[in-house]
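K.L.:
The sequence isn't on hand, but the structure is:
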């Protein structure tokens, strides 16, 4: 066995996928990414793919998950064994976990201990689609890497800078005091976008609107890389239409359904798993599949998705009272040129001018400005990297 090299493993267990990356550590800083990859489509059926990118080559394994098996647990077990097989001389000293909900308590990343783990478990009702998978990830990696230091990085932390006005719902104060406030999510993604653009444009130091558009979707307004408002609120249900989640909805609809005999379990399943693009189209939660569908229901779902983005964009623009840069990210934001064009055409009143060729031929590998030189507002597409942010957060939490 050769000399063991220290590294940090970054794990991002999402609502429909598992993303991961391993970085070599030198002098308590990231020196080199050794591997990155993901499991896709873990909610659709028993088939999934493990994408494994190492040394500029990518291989994809087709996997079948046995019936009556938790898909996320199965995938995490496969991943840990693959890591140990591919890197037998690698010493994973730190494991960084993206955790969706940190409640009102956690405004920054922390080293995992029993108290923190208990708190994370207590937030399951606030993020039932994500938090259980986050917890499973912690449990499985603690089993396989018991000597590693585990750091948890909260998606809600980025939005702790929002004002009290922005965080507050118009409900009794006694309920607010129990923690029912607007938290916001996708914080690690927004943090990465701000950090990346800091090296590319001074516009990010001004007023920006950032969009994370994927199976989960949200939009955020920032001033000088600091969150002032975002579309998601108390839970990951609020705001934009998503793959299977409803986005903003009149609470009266929910009380109506309860009065008509719906159970809480039925209601939660509908809101989290059977709404959004999937519910409206009756076909799929996958934007690519909807684009390929000839049905009017698929077209309507896409149009509604765009419509809701414009509505939320307008409200954030009003709060900012000006705009310097727009950023698209997330699976849909990075790969759907048609959607970007549709949204930006609706924003022409802001003197946003898109470079059609750059937009249409963007391939999602590097950050790129897709606005023309005539545009009064810069427009960028930035592939997000929550795993990198989580890894750097872990090192900063431990060593700095």
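P.N.:
Received the coordinates, thanks. It should be emphasised that the depicted structure is a prediction, and the values quoted were computed from it without experimental measurement. Numbering: from 1, shown residues only.
K.L.:
Please go through this protein and pick out the longest helix.
P.N.:
Ranked by residue count, the top helix of the chain under DSSP state H comes out as helix 296-320.
K.L.:
same question for that helix, mean pLDDT?
P.N.:
Per-residue pLDDT values over helix 296-320 give a mean of 98.
K.L.:
what's the pLDDT at residue 185?
P.N.:
If you check residue 185, the pLDDT there is 96.
K.L.:
so what does the longest helix of the chain touch, helix or strand wise?
P.N.:
Contacts of helix 296-320 with other secondary structure elements, assessed using 3 or more Cβ pairs under 8 Å, 6 or more residues apart in numbering; DSSP states H and E, are made with strand 207-213, strand 217-223, strand 226-230, helix 276-281, helix 287-292, helix 337-346. No exception for glycine: its C-beta is placed from N, CA and C like everyone else's.
K.L.:
Quick check: the gap between residue 199 and residue 193.
P.N.:
Residue 199 sits 12 Å away from residue 193, taking Cβ to Cβ, to the nearest Å as the criterion.
K.L.:
So if we follow the domain assignment, how does this structure break up?
P.N.:
With domains defined by automatic domain parsing, the chain comprises 5-154, 202-381.
K.L.:
buried residues in the longest strand seen in the chain?
P.N.:
Secondary structure of the chain read by DSSP state E shows that its longest strand is strand 29-40. By neighbour count, with 16 or more other Cβ atoms under 10 Å as the criterion, the buried positions of strand 29-40 are 30, 33, 34, 35, 36, 37, 38, 39, 40.
K.L.:
Tell me the strands beside that strand, with direction?
P.N.:
For strand 29-40, the paired strands and their directions (DSSP bridges) are strand 18-26 (antiparallel), strand 47-54 (antiparallel).
K.L.:
Only the buried residues of the last one, if you could.
P.N.:
Okay, so that is strand 47-54. Result for strand 47-54 [16+ other Cβ under 10 Å]: buried residues 48, 50, 52.
K.L.:
now do the first one
P.N.:
In terms of neighbour count (16+ other Cβ under 10 Å), strand 18-26 has its buried residues at 18, 19, 20, 21, 22, 23, 25.
K.L.:
ditto for stretch 63-75
P.N.:
Counting neighbours by 16+ other Cβ under 10 Å, one finds that the buried residues in stretch 63-75 are 65, 71, 72, 74, 75.
K.L.:
and it, how far out from the chain's middle?
P.N.:
From the chain centre to the centre of stretch 63-75 is a distance of 23 Å (Cα atoms, centre = their mean, to the nearest Å).
K.L.:
Quote the end-to-end distance of that stretch.
P.N.:
Start and end residues of stretch 63-75 are separated by 9 Å (Cα to Cα, to the nearest Å).
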